[in-house]
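K.L.:
got a predicted structure plus its sequence, pasted below:
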Amino acid sequence: MLLAGCNSLPDSGPTEYQVKKDQRDPKKNSVGYGIVQISPDLITLLQSEAPPLFSSLSTDETPTYNNNDRVGPGDILQVSIYEVGSALFSPNTGSMGSTGTSPMPGTSTASHLPLLSVDGSGNIEVPFAGQIHVADMTTNQVADAILTRLKQKSQAPQVLVRIATDIANSVMVYGGVRHPSRVMLTPNRERILDIIALAGGEEQQTHADEDYVVRLTRHNRIAELPLKTIENEPAQNIVMQPGDRVQLTFQPRSFTVFGASGHVTQMQFTTPTLTMAEAVSRVGGPIDSRADPNAVYLFRFENADVMRRLGMPVDNNASTAPVIYQLDMINPSSYFLAQEFMMRDGDIIYIANAASNKFYKFFGLITTIISPGTSMGGMAK
């Protein structure tokens, strides 16, 4: 009767025995989760699988790498040609000499050609000069190339070139910024925080920087970091390169806690990084009277490559797989591991109930039932 009474009492979740038993039962373990003990080797593996930092995408930041002053396909060029005497691009400004046989040099005249678009092959078409390949040239080099073509056709020409619309040396900024747009890069070599500022900064100034995630795409490689991390670590505030795409996303990260903890809740990170030790302490830790500190679990959909390296069976087409990480808080060394185990957005912490919890619940229920009768008997005496 005592055992039957204990088993009939409600509970807030499974015990360690039930978690492990259900993991081995294919009918109950329909998602195919595995249980992995948190260890130093696991910490090392997870740290090695961390997403790339922005600094890993920056191969070279010396000024000679890219000065953001090169012409490329899609750019619009403004070409001005200055001529003396007989001019190709403007009416004749020369004057006849005293003999009436030869023109005398007059004042120089400036001719502004219509805006020239650089085609997909990197070429422009200049009157009297023909087609010129200008891709990857500076504006001075483009001017020299045009000048070389005009020297035999014009008297003392001079050429000035500027980029009117710079497409090749630009980055796209979008997402949670005030002014999503194409931002032109300059020889000043803007960094990622400069680009976000030029786009107006965060769309919602009331939100903390920790809640914003910056996603950088460069040469088909992607890296994500919290905005606060970039602000605090200058090495991650890398120089922008033409063609980069920057997305700012408002993404408040949170984790959820269940079971025999001081507080069952969902909590936001509020800091760029959060360890498992910090997460457990925020909710008051395991309750002495109910919890089994040997069975503190973290539920997560882990990267499939990590699961394969752990020896877990994973579908070949899957990108993630469910896993339960177990922390034994009876072992003092586990507290050091908890300080190194990093939380992720969407993680679930479950603190299992102690196996003896139901007995104490049943004993408390019997005491509650008997106590009034005992008190009445005492009063009758």
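P.N.:
Received it, and whenever you're ready, just let me know what you need. Residues are numbered from 1 along each chain as shown.

K.L.:
count the residues that sit near Ser289.
P.N.:
9 (other C-beta atoms under 10 Å). C-beta coordinates here come from the backbone N, C-alpha and C atoms, glycine included.

K.L.:
so what's Arg162 up against?
P.N.:
77-78, 139 (C-beta atoms under 8 Å, 6 or more residues apart in numbering).

K.L.:
helix or strand: which one has it?
P.N.:
strand 158-165 (DSSP states H and E).

K.L.:
also Val171?
P.N.:
Secondary structure (DSSP H and E) places Val171 in strand 170-175.

K.L.:
now for that strand, which elements pack on it?
P.N.:
strand 181-184, helix 192-198, strand 245-250 (3 or more C-beta pairs under 8 Å, 6 or more residues apart in numbering; DSSP states H and E).

K.L.:
strands paired with it, and their directions?
P.N.:
strand 181-184 (antiparallel), strand 245-250 (parallel) (DSSP bridges).

K.L.:
what does the last one contact?
P.N.:
Contacts with strand 245-250, where a contact means C-beta under 8 Å, 6+ apart, come from 171-177, 192, 195-196, 202-204, 207, 211-218, 227, 240.

K.L.:
hmm, try it at 10 Å
P.N.:
Contacting residues not belonging to strand 245-250 are listed as 171-178, 180, 183, 192, 195-196, 199, 201-204, 207, 211-218, 222, 224, 227, 240 [C-beta atoms under 10 Å, 6 or more residues apart in numbering].

K.L.:
now swap in stretch 28-37 and tell me
P.N.:
Here stretch 28-37 has contacts from 16, 18-24, 26, 42, 45, 297-302, 306-307, 310-315, 318, 321-328, 334, 337, using C-beta under 10 Å, 6+ apart.

K.L.:
mind giving me the PyMOL command for buried ones among these?
P.N.:
Those of those that count as buried under 16 or more other C-beta atoms under 10 Å are selected in PyMOL with:
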select buried, resi 16+18+19+42+297+298+299+300+301+302+306+307+310+312+314+321+323+324+325+326+327+328+334+337
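
K.L.:
low-confidence regions, the stretch 101-250 of the chain specifically.
P.N.:
Low-confidence segments of the stretch 101-250 of the chain (pLDDT under 70): 101-108, 206.

K.L.:
which stretches in this protein count as helices?
P.N.:
Assigned by DSSP state H, the helices in the chain fall at 2-7, 16-23, 40-48, 139-150, 192-198, 227-232, 276-282, 304-309, 333-340, 357-380.

K.L.:
show me what the fifth one is packed against.
P.N.:
Contact here means 3 or more C-beta pairs under 10 Å, 6 or more residues apart in numbering; DSSP states H and E; on that basis helix 192-198 packs against strand 170-175, strand 181-184, strand 212-218, helix 227-232, strand 245-250.

K.L.:
relative to the whole chain's centre, how far out is the longest one?
P.N.:
Using C-alpha atoms, centre = their mean, to the nearest Å, the distance from the centre of strand 212-218 to the centre of the chain it belongs to is 4 Å.

K.L.:
quick revisit: mind putting the strands paired with strand 170-175 into JSON lines with distance to Arg290 and mean neighbour count?
P.N.:
Formatted as JSON lines, the strands paired with strand 170-175 follow (distance: least, C-beta to C-beta, whole Å; neighbours: other C-beta atoms under 10 Å):
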{"stretch": "strand 181-184", "distance to Arg290": "55", "mean neighbour count": "17"}
{"stretch": "strand 245-250", "distance to Arg290": "37", "mean neighbour count": "17"}
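
K.L.:
may I see those organised as CSV, with distance to Asp119 added?
P.N.:
As requested, the strands paired with strand 170-175 are arranged in CSV below (distance: least, C-beta to C-beta, whole Å):
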stretch, distance to Asp119
strand 181-184, 19
strand 245-250, 24
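
K.L.:
out of those strands, the one nearest Ile132 is which?
P.N.:
With C-beta to C-beta as the criterion, Ile132 lies closest to strand 181-184 of those, at 23.2 Å.

K.L.:
what residues does the closest one touch?
P.N.:
Residues from elsewhere that reach strand 181-184 (C-beta under 10 Å, 6+ apart): 68, 163, 165-174, 177, 190, 194-200, 240, 242, 244, 246.

K.L.:
got the CA positions of that strand in CSV?
P.N.:
Presented in CSV, the C-alpha positions along strand 181-184 are these (Å, rounded to 0.1, in the frame of the first residue of the first chain):
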residue,chain,number,x,y,z
SER,A,181,20.9,50.4,-47.9
ARG,A,182,24.0,50.0,-49.9
VAL,A,183,26.9,51.7,-48.1
MET,A,184,29.8,53.0,-50.2
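
K.L.:
how far out from the middle of the chain is that strand?
P.N.:
Relative to the chain's own centre, strand 181-184 is displaced by 19 Å; criterion: C-alpha atoms, centre = their mean.

K.L.:
and the nearest residue to Ile351 once chain neighbours are set aside, how far from Gln268?
P.N.:
Take Ile351 and drop its neighbours on the chain: the residue closest to it by C-beta to C-beta, 6 or more residues apart in numbering is Gly259, 4.0 Å away. Here Gly259 is placed at a distance of 20 Å from Gln268 (C-beta to C-beta, to the nearest Å).
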